[in-house]
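J.: one predicted model, sequence on top.
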Amino acid sequence: MTRILVVGLGSPHGDDQVGWLVADRLAADAGPDLMVRRAGSPWDLAGWLESAERLVVCDASEPAGYPGRIRRWTWPIAQFPQRKSGGSHDFDLTNLLQLAETLEQLPSDVVLFGVEAEACQPHAELSAPVAAVIPQVVAAIRKEVEPQIPQNRGKSPAKRPRPHQA
Amino acid sequence: MAKSSRIIKLDALTRVEGEGALYVRLRNGMVEKVELNIYEPPRMFEAFLRGRPLEEVPDVTSRICGICPVAYQMSSVHALEAALGITVSPEIRRLRRLIYCGEWIESHCLHIQLLHAPDFLGYDSGLEMAKDFPDEVKRGLQLKKHGNRLLEAMGGRVIHPVSVAVGGFYRTPSRAAVEALIPDFEWGLQAAAEMTRWVAGFEFPDFPRPSEMIALAHPDEYPMNEGQIASSARAAVPVSHFENEFVEYQVPHSTALQAVRSDQGSCYLVGPLSRVNLNLDRLAPTARRVADELNLDWPCRNPFQAIIARGLEVIHAYEEALQILRAYQPVRPPRMEYTYRTGEGCAATEAPRGLLYHRYAVDEAGRIAKALIVPPTSQNQKQIEDDLREFLPQILGDDDRQTALGCERLVRSYDPCISCSTHFLKLQLEHTE
């Protein structure tokens, strides 16, 4: 059975909470083959990847005028620019996944869900557009990991969503 | 002969914590001016702490930096306890050293592995280096991970730990939680020694500096939270003399204050190289053994070799942490009681990057009346500029980009935390005629 790691990456600041809130809703699905974790920094993932064969990450994406827009990518992601990191403050998810891949620690199947933020002000509440799509994101990730959800074992998996759209 | 000038600029320093720029002006091929430009916005922590309850200070100041939050917590609680007349129990004292071990490990390993080692092996980044040195990078990341786990166990979480309090800790972990760390730390002690031997084998530019080295020194232990302010050039002084000995001042080209000796206006160096040089005989046995086997001449005065000092401190931190973990018993109560009183207190502790000084005045209601925070990177800025000025003739060539890279490599040796110093290096080289 494939071991899947689902990570909600976020912080307590505005729409950057979305990854955490999605992970919290999925936590009840966790089982022997499905790990669900919250991460405050990409570095957190470094310690979890070796035991996983598939990785699903949910994170807020930068505001671009469409708050609440959900996008799905599979790794490697050509649209994500190769960026030299500054210090560890600048070490982002892309850098972490690149490093893990170089070290042959990255699961062979990596899916990223991005939920476009409206704003990520320090300790602000989640915006309405982002809050409204959380059930949709949760449902999309559930479809990704359906066979690994204990109560769904033995059922056929649903069709995977089309790339770049959830 | 016509006079010629040249400007070399680095727009953003890479592989340093925070954002900074470097400006160098050359006249007729001679270095005329070197400025380390810190342009991160000032944080104003000292101002907005005023009026806040003193219990908030550790959590607020820890936000100055995500890499060394424990250092800010430690300096703040010790300064506030001095103001209130609190003496913590030996058990609390020991646990504070334990959490500091966690921070030294994760900060130093990150810098060694991903920020600094690439310079000596000819790579642009830790990512590039990982392709050819996967085992070394994996080892370094594993070592860092253990530091993070220790921070999480002792502090409640890795980034901005929440358990450090005035008087002790809000909570301390169970014995089982602590014992679970021991196998990793036993592995880590040997791995840290291997890592240090590896970095000690790098080829280092020949660049010894006559810097005055400053660090805490303690008669019984390798310094973390307590001690006198020791110097390679003068007699040690109590921490309470810090503001007599050193002065901060504003420079036009930096949003971070700089610091020099009050009497002579001379710069000085804080950080792991200074600590190891001034406290070599107080390193834990394994760290001392590795230091001896490396066949270095101590005191070591080459800033590039600070990577070795960081390695030795990682060994020390693993060894001391193991000792504390093995003997650990939950501390009850985890926090000393205290009553508010009007008072003033100061403290210096050893952040991964060097001596970090705090002073607070508190009122009878337990609120902050005044605050002063002097980070290590602020104190090192002038030394970095002076060292760059001396180093530039060695690396000046026709290619400004190569010169800029050489400057960056020297700056990285100090592991500057620019985010801290503002309570990536842009180099501007100006050639003038």
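T.: Received the coordinates, thanks.

J.: send me the helix ranked longest in chain A as CSV with only the CA atoms.
T.: For chain A, the longest helix by residue count, based on DSSP state H, is helix A:128-145. In CSV, the C-alpha atoms belonging to helix A:128-145 read as follows (Å, rounded to 0.1, in the frame of the first residue of the first chain):
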residue,chain,number,x,y,z
ALA,A,128,-14.0,35.1,3.0
PRO,A,129,-13.0,34.0,-0.5
VAL,A,130,-10.4,31.6,0.9
ALA,A,131,-12.6,30.3,3.7
ALA,A,132,-15.3,29.5,1.1
VAL,A,133,-13.1,27.2,-0.9
ILE,A,134,-11.6,25.1,2.0
PRO,A,135,-14.3,22.3,1.6
GLN,A,136,-13.4,22.2,-2.2
VAL,A,137,-9.7,21.8,-1.5
VAL,A,138,-10.3,19.2,1.1
ALA,A,139,-12.5,17.3,-1.3
ALA,A,140,-9.9,17.5,-4.0
ILE,A,141,-7.1,16.2,-1.7
ARG,A,142,-9.4,13.4,-0.5
LYS,A,143,-9.8,12.3,-4.1
GLU,A,144,-6.0,12.2,-4.5
VAL,A,145,-5.6,10.0,-1.5
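
J.: B:Y360: which element?
T.: Remark: B:Y360 resides in strand B:354-362, with elements defined by DSSP states H and E.

J.: report the helix or strand with the lowest average pLDDT across chain A.
T.: Every helix and strand in chain A was compared by mean pLDDT, DSSP states H and E; the lowest is helix A:42-46, with a mean of 85.

J.: what does that helix rub up against?
T.: Helix A:42-46 has contacts (CB atoms under 8 Å, 6 or more residues apart in numbering or on different chains) with A:7, A:9, A:37, A:39, A:55, A:57, A:88, A:91-93, A:95-96, A:99-100, A:105, B:141, B:144-145, B:148, B:158. (C-beta placed from N, C-alpha, C; glycine too.)

J.: sorry, back to before: buried residues in the helix or strand that comes right after the strand holding B:Y360?
T.: Next along the chain after strand B:354-362, taking DSSP H and E as the criterion, comes strand B:368-374. Under the neighbour-count criterion of 16 or more other CB atoms under 10 Å in any protein chain shown, strand B:368-374 has B:I368, B:A369, B:A371, B:L372, B:I373, B:V374 buried.

J.: stretch B:373-391 now?
T.: So for stretch B:373-391, counting by 16+ other CB under 10 Å, buried means B:373-388, B:391.

J.: just the mean pLDDT for that stretch, thanks.
T.: Here stretch B:373-391 scores 93 as its mean pLDDT.

J.: and the buried residues of stretch B:373-391, which of them are in strands?
T.: Members of the buried residues of stretch B:373-391 lying in strands (criterion: DSSP state E): B:I373, B:V374.

J.: please, where are all the strands along chain A?
T.: According to DSSP E, the strands that chain A contains are A:4-9, A:34-39, A:54-61, A:70-74, A:109-116.

J.: circling back: now the least confident helix or strand of chain A, how far from the centre of its chain.
T.: Its chain's average C-alpha position is 12 Å from that of helix A:42-46, according to CA atoms, centre = their mean, to the nearest Å.

J.: output it in PDB, but only the C-alpha positions, please.
T.: Written as PDB, here are the backbone C-alpha positions of helix A:42-46 (Å, rounded to 0.1, in the frame of the first residue of the first chain):
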ATOM      1  CA  PRO A  42       9.300  24.000   4.400                       C
ATOM      2  CA  TRP A  43      12.200  22.800   6.600                       C
ATOM      3  CA  ASP A  44       9.600  20.800   8.500                       C
ATOM      4  CA  LEU A  45       9.000  18.500   5.500                       C
ATOM      5  CA  ALA A  46      12.700  17.500   5.400                       C
END
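
J.: can you count the residues close to B:L26?
T.: Neighbourhood size, B:L26 [other CB atoms under 10 Å in any protein chain shown]: 23.

J.: ok, then the element right after whatever helix or strand it lives in?
T.: Applying DSSP H and E as the criterion places B:L26 in strand B:20-27. Sequence order places strand B:30-38 as the next helix or strand after strand B:20-27, per DSSP H and E.

J.: let me see the mean pLDDT of that next one.
T.: The pLDDT scores in strand B:30-38 average 85.

J.: next: stretch A:119-126.
T.: pLDDT averaged over stretch A:119-126 gives 87.

J.: quick one: contacts of it?
T.: A:S11, A:P12, A:H13, A:G14, A:D15, A:D16, A:Q17, A:V18, A:L21, A:A60, A:P63, A:S127.

J.: whichever of those end up buried, select them in PyMOL.
T.: Buried members of the contacts of stretch A:119-126, defined by 16+ other CB under 10 Å, are picked up in PyMOL with:
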select buried, chain A and resi 11+14+15+16+17+18+21+60+127
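
J.: ok, so of the contacts of stretch A:119-126, who is nearest B:E91?
T.: Nearest to B:E91 among the contacts of stretch A:119-126, counting by CB to CB, is A:P12 at 32.1 Å.
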